[in-house]
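**Q** Return atomic coordinates for the entry below.
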Amino acid sequence: MTTPRPPLRDILLVTGMSGAGKSTVLNTLEDMGWEVLDNLPVRLIDRLLATPADDRGDDAARPLAIGIGAQTRDFEPDRLIRLVNRLRADDGHDIGTLFLDCAGAELERRYSETRRRHPLALDRPAVDGIAQERELLAPLRSWANRLIDTTSLSANELATRIRATFAREGLGEPTLSVMSFGFARGLPRDADVVLDMRFLRNPHWDEALRPGTGLDPAVGAYVACDPAYTDAMAAIDQLLLLLLPRYRAEGKSYVTIAFGCTGGRHRSVHVAERTAARLRAAGFSPTVSHRDLAAAPQDSLEGVPSRLNREHAHDTGTKPK
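**A** Okay, here's the model as predicted:
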């Protein structure tokens, strides 16, 4: 008698740097109703997925998250990649892969605060284990179809992102994020598309608008009056509506579009909100975040007023600071 093939289920492999938030991710998914297994030996994944539904009870229909990392027994990145590729190709499993990354300095800080030892440096400084693990996991980082950098995320912010990312059924539909940031405070590490909004005139140099943000209607109106705004926004819409279906066709499951301006408080915020609204109208479901919205305005970051700002100040009788 032929053993019945278990029904396919949504599966997510969660891996990445130790200390980057794997436990937070797995706990959040479990709270969302997922079945969660951490540090399951790689050799047992095949056996788990082949278990008949009758032996799994109610878990047969639940999405499954498997945490795997450097501390997992018989962990070898190349072996794991080959296994997942085979399960996708031969058995048709919908397997997503999430890699959690984090800057080395932040990982060192976290280990120092928690006073925990790095799993690859039990008798050495954490920095040694971090370097060794980053080299070990490099193949997984480049292969994974989802990447979240947790350097600037709190545990609550990471949990919020996970809930937004995996709230929908299935793993095949790309999860779309739109964010704003300030170039003066560094590029976002997990952005797939970066668009520079610094060609638009800067509300920072209008004394009445400086304290506000791109969420304020007056700031948005100021940015939208730039002569290049309308054509630029139309071109951005056209580009994204071309790219997003192609990302989906290539199997990319997580897409982050980042809009940057100098300080990350005015132009990029307005354009990110406006673009997210256009994408929703086109049938997408983006989440929106503003990395530097709470940062204080600083003249030293903004450089000098542009010609467009000086001309606007002349027309309105105001004087840029």
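**Q** Any idea how many residues pack against G33?
**A** 8 (other Cβ atoms under 10 Å). C-beta here means a position set from N, CA and C on the backbone, and glycine is covered the same way.
**Q** Go ahead and report the secondary structure state at it.
**A** coil (DSSP: H, G, I helix; E, B strand; the rest coil).
**Q** just checking, it touches R62?
**A** Yes - using Cβ atoms under 8 Å, G33 is in contact with R62, at 6.4 Å.
**Q** residues touching the residue nearest to C102 when sequence neighbours are not counted, list them.
**A** Excluding the flanking residues, the one nearest C102 by Cβ to Cβ, 6 or more residues apart in numbering is A20, at 4.0 Å. A20 makes contact with 100-102, 107, 150 under the criterion Cβ atoms under 8 Å, 6 or more residues apart in numbering.
**Q** Check which helix or strand A20 maps to.
**A** Using DSSP states H and E, A20 sits within no helix or strand.
**Q** swap in A276?
**A** Going by DSSP H and E, A276 is in helix 267-281.
**Q** Who are the contact partners of T275?
**A** 178, 233, 236-237, 240, 257, 259.
**Q** Where helices are concerned, which of these count?
**A** 233, 236-237, 240 (DSSP state H).
**Q** farthest pair in those?
**A** M233 and L240 (10.7 Å; Cβ to Cβ).
**Q** Would you mark the buried spots in the helix or strand hosting D90?
**A** For D90, the host element (DSSP H and E) is helix 77-91. Neighbour-count burial for helix 77-91 flags 77, 80, 83-84, 87 (criterion: 16 or more other Cβ atoms under 10 Å).
**Q** returning to what we had before: show me what the following helix or strand past the helix holding A276 is packed against.
**A** Sequence-wise, the next helix or strand downstream of helix 267-281 (DSSP H and E) is strand 287-290. When contacts are defined as 3 or more Cβ pairs under 8 Å, 6 or more residues apart in numbering; DSSP states H and E, strand 287-290 packs onto helix 155-165, strand 175-182, helix 267-281.
**Q** List the pairing partners of strand 287-290 within its sheet, with orientation.
**A** If you go by DSSP bridges, strand 287-290 pairs up with strand 175-182 (parallel).
**Q** tell me the angle the partner strand makes with helix 267-281.
**A** 160 degrees (axes from the mean of the first three to the mean of the last three Cα atoms, to 10 degrees).
**Q** Not counting whichever helix or strand comes after the helix holding D90 itself, show me its contacts.
**A** Using DSSP H and E, the helix or strand that follows helix 77-91 in sequence is strand 94-101. Residues from elsewhere that reach strand 94-101, judged by Cβ under 8 Å, 6+ apart: 8-17, 20-22, 25, 84, 87-88, 137, 140-141, 143-151, 170-172, 189-190, 253-254.
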